[in-house]
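Chemist: Got a predicted structure here, sequence first:
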Amino acid sequence: MREIFDAEWKMKMIIAESAKDVLQMVSEISDKLIPGAIVAFDFETEKVEGDDDDSVNPLADSLFSVSFACNEETVYTFRLQKDGQWMYPEMVVQEVVSLFKKLFNRGVTKVLHNMKFDLKLVYRITGMLPQVDDMSWDDTMIMSYLVDENRTAKLKSAAGRYLTIDANKYESMLNDAGKISKINDIDWFITAQYNCADSWMTRRLRDVLWGRLIEQGLDSLYKNLYKGLLIALMEAEIKGFRVNAEYLREQLKKLEDGLNSKDKFMKDYGEAIFQRKILELKDKWLALKVESDKLNGVEKEDAIKRGQEVENKFLYFESTVRNGFNPRSVKQLKELVQLMDLAKFIEKTTNKGSLSLDREVLDMIVSKDSSGFIQTLIDYRKDEKTRGTIQGLLDRMDKDNLIHSSYLAHGTVTGRLSSRDPNLQNLPSGHLIRDAFIPRDGHDLVVCDFSQIELRIAAYYAQEETMLKIFMEGGDIHSKTALECFDLKVPVEEIKKLFPEQRRKAKIINFGILYGLSDYSLGKTLDCSKKDAGLYIEKYYVTFPGLKKLREDVIKEVLETETVTNMFGRKRRFPGLAAAYYKFGSNEKEIAHQLREAFNALIQSTAVDICNLSITKIRKRFLAEDLLIWLLGQVHDEMVWEPEKKYTEKVVEIVTEIAPNIVEGYVTPIDIKVCRNWGEK
DNA sequence: TTGAAACTCT
DNA sequence: CATGAGAGTTTCAAT
């Protein structure tokens, strides 16, 4: 056993050096797990040999070591595994395992930074997970996120910020010691201290952040939403979404065949044009060479320079042809579009100011191209995207055809979740891909989404009478908007049938308003003049005056407080906005952007809090009724559950009871469907 | 490894 | 002055 004291941090690190040390340490830690104790712990992991996945994977990585901060001063640490194998005799391993099992005592508060990650490791060791109603786990990453959504919630950043220490001290030590990428090759006493520092910071952060949560009125959101949500999400990640791999491989094959022929067509076409141009450029280059021989001084230098430019160009074209024209290369495409004489029709530029060749532009120039190249490119891009998505799903599927996406609860400024590896929140709508997502044998998918939740939230905050009435009576909001904005002289019930085009446009206006759409952009999307678009927006606000007032109120509020707070207490902060707004000559574009963001944040954050609160509440009810039903996925205002068939009706009943009634006194209706695959929804 | 550009979703 | 909010992934090209 070795002890190291960090006088600056007042941190005593106790490091085990042998199996005997581990036994003693486990017993000491065990003794401290008494009711009322607050203990932070943290794992270090490493990739196992032969795992080609480059991301950190708590379901597969080797457990290098763990540290326990049992109070604010004392931290213990010991090694666990090497290359995925335990480093100790079976008896010692059993003691370690039972220590982790003792953590499930609800009288002891456990603190983790990114709790889903470490709890998955605990799950691998013990086979145990906390229940969704277990309040004895704290996540300092989420606390830090709630306290300041604008700054990174990473442990070292948060610790540096809230503990006012040099939080990277031990990481620097690790880097100095190593310059080796593998944690296993570094002296254990160095990594041990690094590991200790992490749980020490986590333990210290917990108290500081808890104070901040209380100060800012965020404690209820943290306790009632996040504690349960994180566990429900962790269950979804562990469980995984089953996919029909054979079906996906079939679709992949079909796409690849189509892509190959499109690729060949475009290659041949592109290369022919480049070849022709190369000859032209060579002639030009020769001419310039002859010319430059006749000249002197500055003129000669200029001609040589131009000659070199021409030479570079045809050398580039030659290498392009040699390596094969690649329709995925934006650079090559731009050259080609210029040679095809289509560039003159393109006004749109990319963010950096170069020629844009996105779908919108291609749609515009496709009619000017008789060769079929542009149309082929449009189709190619679409299919290539789908192919990539399918390939990504197949690559990430485990041996049981399960896809374990992870959900980040701290990834967005509005409180939305994000999904990654793979992202299940941006799968193309429609059947092709979503049909591949299926329930396990003997199970159903229950898919539930909130209908028009953002508009309903806006109406609620605004107490917009006309809008509330339409929602309450089950009327069609888009029809009403169409009627008023386009002066349609028919009863509102007939709009859907008689003026579907106007209704479609009204839908764009309805959603656009929530995002702060300008007359300029609305004109572009509706393909009408800016002036007409402005009139529509005006009429919209006459029809729904409450919404106009709400927008003004939110802007007024954010300019005073630099903060938007939703009905659950969630905050979206805009530091510096007030000062910037009242300062002469500041960036108006940026201010306008932040004001749009502020209004949208109120609506978006409320919508997602309702959805996530319903997930937590529903999952807790399943627990209370002893139904072993886990969440499978969440897509902002949609949730997917996977019950055994015998529980399907019960799930529909409970979801239908809970989800629409999260806000007291205001119903947020849902659509719910039992599906054989995700595409059926 | 990073940034730009393209495309996907709610 | 620019002009709709929030995300993640893939590919190419440059560093």
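Modeler: Received it, and whenever you're ready, just let me know what you need. Numbers count the residues shown, from 1 in each chain, chains lettered A, B, ... in the order given.
Chemist: Tell me the predicted confidence for A:Gly178.
Modeler: On the pLDDT scale, A:Gly178 is placed at 65.
Chemist: ok, residues contacting stretch A:580-598?
Modeler: A:515-516, A:554-555, A:558-559, A:564, A:572, A:574, A:577 (CB atoms under 8 Å, 6 or more residues apart in numbering). Glycine gets a C-beta too; all of them are placed from N, C-alpha and C.
Chemist: Let's have these in JSON lines, adding pLDDT.
Modeler: Shown next, in JSON lines, are those (pLDDT from 0 to 100):
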{"residue": "A:Tyr515", "pLDDT": "88"}
{"residue": "A:Gly516", "pLDDT": "89"}
{"residue": "A:Val554", "pLDDT": "96"}
{"residue": "A:Ile555", "pLDDT": "96"}
{"residue": "A:Val558", "pLDDT": "96"}
{"residue": "A:Leu559", "pLDDT": "96"}
{"residue": "A:Val564", "pLDDT": "97"}
{"residue": "A:Arg572", "pLDDT": "97"}
{"residue": "A:Phe574", "pLDDT": "96"}
{"residue": "A:Leu577", "pLDDT": "95"}
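Chemist: restrict these to contacts with DNA strand C.
Modeler: Filtering these for proximity to DNA strand C by CB under 7 Å from any atom of the strand leaves A:515-516.
Chemist: Just the ones in strands from the contacts of stretch A:580-598, please.
Modeler: Secondary structure defined by DSSP state E assigns A:564, A:572 of the contacts of stretch A:580-598 to strands.
Chemist: Widest-spaced pair of the contacts of stretch A:580-598?
Modeler: Greatest spatial distance among these (CB to CB): A:Tyr515 and A:Leu559, at 19.2 Å.
Chemist: Between the two, tell me which one has more neighbours.
Modeler: The neighbour comparison of A:Tyr515 against A:Leu559 (other CB atoms under 10 Å) goes to A:Leu559, with 18 against 15.
Chemist: Which residues of chain A lie near DNA strand B?
Modeler: Contacts of chain A with DNA strand B, taken as CB under 7 Å from any atom of the strand, map to A:330, A:350-354, A:356-360, A:362, A:381-382, A:385, A:425-430, A:635-638.
Chemist: if we can go back for a sec, highest neighbour count among the contacts of stretch A:580-598?
Modeler: Going by other CB under 10 Å, A:Val558 tops those with 25 neighbours.
Chemist: At which residues are the strands of the stretch 101-250 of chain A located?
Modeler: For the stretch 101-250 of chain A, strands defined by DSSP state E, counting those that start in this stretch occupy the ranges A:109-112, A:137-139, A:241-242.
Chemist: Isn't A:Lys505 up against A:Asp527?
Modeler: No: using CB atoms under 8 Å as the test, A:Lys505 is too far from A:Asp527 to be in contact (9.4 Å).
Chemist: Which one of these two is surrounded by more residues?
Modeler: Counted by other CB under 10 Å, A:Lys505 and A:Asp527 do not tie: A:Lys505 has more neighbours, with 22 against 8.
Chemist: Skipping adjacent residues, who's closest to that one in space?
Modeler: What sits nearest to A:Lys505 in space, not counting adjacent residues and going by CB to CB, 6 or more residues apart in numbering, is A:Leu526, at 5.3 Å.
Chemist: The one you found touches A:Gly534, doesn't it?
Modeler: No: using CB under 8 Å, A:Leu526 is not in contact with A:Gly534; the gap is 11.5 Å.
Chemist: so what's the closest residue in space to A:Lys169 that isn't next to it in sequence up against?
Modeler: The shortest distance from A:Lys169 to any non-neighbouring residue, by CB to CB, 6+ apart, is to A:Ala197 (7.2 Å). Counting by CB under 8 Å, 6+ apart, A:Ala197 makes contact with A:9, A:11, A:75, A:169-170.
Chemist: What's the local residue count around A:Trp641?
Modeler: Using other CB under 10 Å, the number of residues around A:Trp641 comes to 29.
Chemist: phi, psi of it?
Modeler: Backbone torsions for A:Trp641, taken as degrees, to the nearest 10, come to phi -110, psi 150.
Chemist: residues near A:Lys282, how many?
Modeler: For A:Lys282, using other CB under 10 Å, the count is 14.
Chemist: An error on my part: the question was meant for A:Ala69.
Modeler: Counted with other CB under 10 Å, A:Ala69 comes out at 28.
Chemist: wait, what's in contact with A:Phe265?
Modeler: Residues near A:Phe265 by CB under 8 Å, 6+ apart: A:372-373, A:376.
Chemist: quick one: it and DNA strand B, what's the gap?
Modeler: 18 Å (CB to the nearest atom of the strand, to the nearest Å).
Chemist: need the residues of the stretch 401-550 of chain A near DNA strand C, please.
Modeler: Counting by CB under 7 Å from any atom of the strand, the stretch 401-550 of chain A comes close to DNA strand C at A:408, A:411-414, A:416, A:418-423, A:425-426, A:508, A:511-512, A:515-518, A:520-522, A:525.
Chemist: Only whichever of those are buried, select them in ChimeraX.
Modeler: Filtering these down to the buried ones (16 or more other CB atoms under 10 Å) takes a single ChimeraX command:
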select /A:408,414,416,419,422,425,508,512,516,517,518,522
